[in-house]
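1. got a predicted structure here, sequence first:
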Amino acid sequence: MAIERVSPGVVKVVPNKLSVSERLYIPQVLAGMVLTLRHLVKNLFNMKGLPTISYPEVKRVYSERFRGRHILTTREDGTTRCVACFMCSTACPAECITIEAGEDERTREKFPQRYEIDLLRCIFCGYCVDACPEDAIYMTRDYEMAIDTRARSVVGLRDLVVPPNFPVEPMGWRPYYGSIEKHGTAGGTGVGQPKREAPFADDAPLNPDLYRGA
Amino acid sequence: MSTLTKFSAIPYTGPAPTNRKPYVPADVAVHDARGAVLAEKLQQSAMQQETGQDLPTFIVDKAAIVNVLTALRDHPELRFTMPLDCWGVDYPRREKRFDVLYQLYSLQNNERIRLKVMLAEDESIDSGINVFKGLDWFEREVWDMFGIRFDGHPNLRRILTHEAFQGHPLRKDYDPAQRWLLTEKDVAQLTPVIDDRFKDVDTDFERVTLNLGPSHPATHGTLRIVVTLDGETIIGADQEIGYLHRCFEKMSETHTYQQVIPFTDRLNYCSAIINNVGYCLTVEKLLGIEAPARAQHVRLMLSEFMRIADHLVCIGTNLVDMGALTNFWYLFQPREEIYGLIEACCGARLLPSYLRIGGLAVDVPTDFLQKAQRLVDMIPKYIDDVEKLVDRNKVFLDRVVGVAPISPEDAIAYGFTGPCLRACGVPFDVRKSNPYIGYETYDFDIPIAEGGDTYARYLVRMEEMRQSLRILQQAIDRGLPEGPVMVDNPYVALPPKEKVYNEMESLIYHFKLIMHGIQPPVGEAYFQVEGGNGELGFHVVSDGTKNPYRVRVRPPCFAIYQAFGKMITGQTIPDAVAALGSLNIIAGELDH
């Protein structure tokens, strides 16, 4: 195609005039095959540079901001950070979070008696993480959430809560990517504390430089 | 788990809105003055100017609407020839309950005008379909959503909802928790109107009516086309849409302003960030704020990447429909890389929800510009490969040249925008005509082509990708402006997390904003951006509460797809498939 200037800021795309050989179909078809064959040969000698990966043996590495399955973080004493303030369920556009609050008789603090996320309703927008004032909900880089029944799509506290000092490494979308530490209350987010072995072995980055976030 | 409890049947009974300030557009004086000039020129007694709006706005008597539309179209100096949009708003407490709004555009003067007709519940309005062909589906949509009758409309059927649907969903007194079941016996039997050219022609063939879709591999989405064939020639066609209707507009009314952003992703999911940009800019206009320079720069760059991705998908799938599978692989590789960049910014690929009203959700990664530069260096190679494969290939040219053409006059009258309009030779691009987020400072050209056929649309899209790369190279060379990516306004932006954790004041703002949302001043604003398919407009009405009173989206392919039946009449089924791919109909956007 050729480009002609019509007026300032406007160009006209003019179709090609075909030569006689081009009008005979075959030469152009052959030329196209030469191009694809060149790609084939190039790829045969550069198998490592292929854009496709052999999932599930090889997994795609996503950035540190990846919005995957949620977790609820814990304080050092093992209690859930969540104080059942309902901010995440209010901010959720898909209305997929159900919370029932309870009160700790000893400390008089609120905590979630029931905390359920319906992963089939969830749209993984990350609004719950943005809304949380307690550093309690993060999203991980876990994206394999296939289930065989609808009932299993609802995950509760048992599936969501992680042990204290859960490493930041396999996490995805979280406030400030671990650069800020929460002061005041007990425990931390895991920043600056000894790292545990990653619970999801699949999340160990293959090539950390490739799809890294900040 | 009941998730529907948050929906409330209007009239609104909650606490009184706290923000009762009226919205005053920034350039209100300009529009009011221009409105006065327009009124002077038109000399229509049925038009009354409404001042204080973000466009020259007129309230029109319902009896005179056809006359006013004709006068606006035919006025030699004004020439409002393009019907951009027609939509409704419901105010149940008002004596005249409905507003029907029209927005027209004048290519000659590059200006817009808004007309408003007020109607009571039992009143009907004359159809403007004889003035502007493009009002056809828009009027059907208003009928479907509000139950406003358009007298003289030849085909006033439901369009987005189905035949067994009861009531009109965008009325404020409609309860959205109701469910309507469509059974097989209720499905409409469409019989396409046979085109005049073929009415009296007697051929040897039996006339057959054939259903294409809604689940057909060549329709790329849930579109249903019913064609009447005479031999191999299509002599009449009708389209049915609405299979992917998700009530975007009604859902927006029950969610806060920030919560609407993930819904906009799902409009044109091939270029989701452009939808985010359009919606955020509209609400920012209503709030009278502007995102920081860094955020605007990122918005512009990602918009252009998304435009390229959109065109890659369109051309790639279009060529697959014609049997050229190799191109699909060549074009989807750069698209994959673009999604990698988006994912590095916000953690999701197809539906990023990256923008927030007032800026961005988070700052871009530190190596954002390097990644962008890598993409800009890489993409041309793939486009060139495809060009080498098909551009001089007679097999391809035979399939596309002269297929489903549309004349510039028809395209304008149907409300075409974007690449499909530019393929007819009309240089209309919102980035040039109404520049936003700094497009006026970039050096780029609008590509046009001649013929308005499938081939012209292919040529325009190919060149547009190169122009987008030009913009991106300039944007990378300028570098990212330093500074924050979110406005410093606690009524719009969530405070930084460190302050929320450690300061009482910020925690209060954080709670207020999540619980009570952003509350823009009372009023309405329209803003348009250039989407992958054309002008993507958002009209947001605020009543001062945390939920938008009305969000109207003007999806570009809605206007384009209504002409499809006319475009393929006289062609064959394989031509129709090729033409459909070149229009880039995205069902998510088409069906709201």
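-> That came through fine. Numbering: from 1, shown residues only, chains lettered A, B, ... in the order given.
2. now name the helix or strand holding A:Q113.
-> A:Q113 belongs to strand A:110-118 when assigned by DSSP states H and E.
3. extract the CA atoms of whichever helix or strand comes after that strand and return them as CSV.
-> Using DSSP H and E, the helix or strand that follows strand A:110-118 in sequence is helix A:127-131. C-alpha atoms of helix A:127-131 as CSV (Å, rounded to 0.1, in the frame of the first residue of the first chain):
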residue,chain,number,x,y,z
TYR,A,127,-11.0,-3.7,44.7
CYS,A,128,-11.2,-5.7,47.9
VAL,A,129,-7.4,-5.3,48.3
ASP,A,130,-7.6,-1.6,47.7
ALA,A,131,-10.4,-1.2,50.1
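4. quick one: strands adjacent to the helix or strand following helix A:127-131?
-> Of the helices and strands lying after helix A:127-131 in sequence (DSSP H and E), the nearest is strand A:137-139. Sheet pairing for strand A:137-139, assigned by DSSP bridges, gives strand A:70-72 (antiparallel).
5. now the partner strand: average pLDDT?
-> For strand A:70-72, mean pLDDT rounds to 87.
6. pull the number of nearby residues for the closest residue to chain A within the stretch 301-450 of chain B.
-> The nearest approach of the stretch 301-450 of chain B to chain A comes at B:G347, 3.6 Å away (CB to the nearest CB). From N, CA and C alone the C-beta is placed, and that goes for glycine too. Neighbourhood size, B:G347 [other CB atoms under 10 Å in any protein chain shown]: 29.
7. I'd like the distance between B:I585 and B:D265.
-> Separation of B:I585 from B:D265 (CB to CB, to the nearest Å): 18 Å.
8. count of neighbours near B:K381?
-> B:K381 has 11 nearby residues by other CB under 10 Å.
9. wait, I meant A:E4
-> Around A:E4 there are 10 residues (other CB under 10 Å).
10. again, but for B:K96
-> Residues near B:K96, counting by other CB under 10 Å: 13.
11. isn't there a strand covering it?
-> No - using DSSP: H, G, I helix; E, B strand; the rest coil, the secondary structure at B:K96 is coil, not a strand.
12. how about the residues of the stretch 51-200 of chain B by chain A?
-> Where proximity means CB under 8 Å from any CB of the partner chain, the stretch 51-200 of chain B presents no interface facing chain A.
13. for chain A, which segments count as helices?
-> In chain A, the segments counted as helices under DSSP state H are A:20-23, A:26-44, A:87-91, A:127-131, A:157-160.
14. return the member of these having the minimum mean pLDDT.
-> Taking the mean pLDDT of the helices of chain A, helix A:20-23 comes last: a mean of 78.
15. still on that earlier bit, now distance to B:K96 and mean neighbour count too, for the helices of chain A, in a markdown table please.
-> Converted to a markdown table, the helices of chain A look like this (distance: least, CB to CB, whole Å; neighbours: other CB atoms under 10 Å in any protein chain shown):
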| stretch | distance to B:K96 | mean neighbour count |
| --- | --- | --- |
| helix A:20-23 | 64 | 12 |
| helix A:26-44 | 63 | 13 |
| helix A:87-91 | 36 | 23 |
| helix A:127-131 | 38 | 23 |
| helix A:157-160 | 52 | 14 |
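16. distance to B:G415 added to those helices, as JSON lines?
-> Output for the helices of chain A, formatted as JSON lines (distance: least, CB to CB, whole Å):
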{"stretch": "helix A:20-23", "distance to B:G415": "38"}
{"stretch": "helix A:26-44", "distance to B:G415": "38"}
{"stretch": "helix A:87-91", "distance to B:G415": "37"}
{"stretch": "helix A:127-131", "distance to B:G415": "35"}
{"stretch": "helix A:157-160", "distance to B:G415": "48"}
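17. what residues does the stretch 301-450 of chain B put near chain A?
-> B:326, B:333, B:336, B:340, B:343-348, B:351, B:353, B:361-363, B:365-367, B:385, B:387-395, B:397, B:401, B:425, B:427, B:432, B:444-450.
18. shouldn't the residue of the stretch 301-450 of chain B closest to chain A be in contact with A:Y143?
-> No - taking contacts as CB atoms under 8 Å, B:G347 lies outside contact range of A:Y143: 10.6 Å.
19. tell me the average confidence for stretch B:287-305?
-> 91.
20. contacts only, for the spatially most central residue of chain A.
-> For chain A, A:F66 is the residue whose C-alpha lies nearest the centre (CA atoms, centre = their mean; 2.3 Å). Counting by CB atoms under 8 Å, 6 or more residues apart in numbering or on different chains, A:F66 makes contact with A:139-141, A:143, A:172-173, B:343, B:347-348.
21. ok, which pair from those residues is furthest apart?
-> A:T140 and B:E343 (14.7 Å; CB to CB).
22. returning to that earlier point: what residues are shared contacts of B:G347 and A:Y143?
-> What both B:G347 and A:Y143 touch, as defined by CB under 8 Å, 6+ apart, is the set A:62, A:66.
23. next, count neighbours for B:D488.
-> B:D488: 11 neighbours (other CB under 10 Å).
24. one more: the one 3 residues further on?
-> Residues contacting B:Y491 under the criterion other CB under 10 Å number 17.
25. quick check: it vs A:T90, distance?
-> 17 Å.
26. residues in a beta bridge with the closest residue to A:V155 other than its chain neighbours, which ones?
-> In space, and not counting its chain neighbours, A:V155 is closest to A:I117: 5.4 Å by CB to CB, 6 or more residues apart in numbering or on different chains. Beta-bridge pairing for A:I117 (DSSP bridges): A:I97, A:V155.
27. confidence score at A:I117?
-> 90.
28. how many neighbours does it have?
-> 26.
29. what lies in contact with the host helix or strand of B:E589?
-> Assigned by DSSP H and E, B:E589 falls within helix B:587-590. The list of residues contacting helix B:587-590 from outside it, by CB under 8 Å, 6+ apart, reads B:220-223, B:241, B:243-244, B:246, B:266-269, B:533, B:555-558, B:561.
30. are any of those buried, and which?
-> B:220-223, B:241, B:243-244, B:266-269, B:533, B:555-558, B:561 (16 or more other CB atoms under 10 Å in any protein chain shown).
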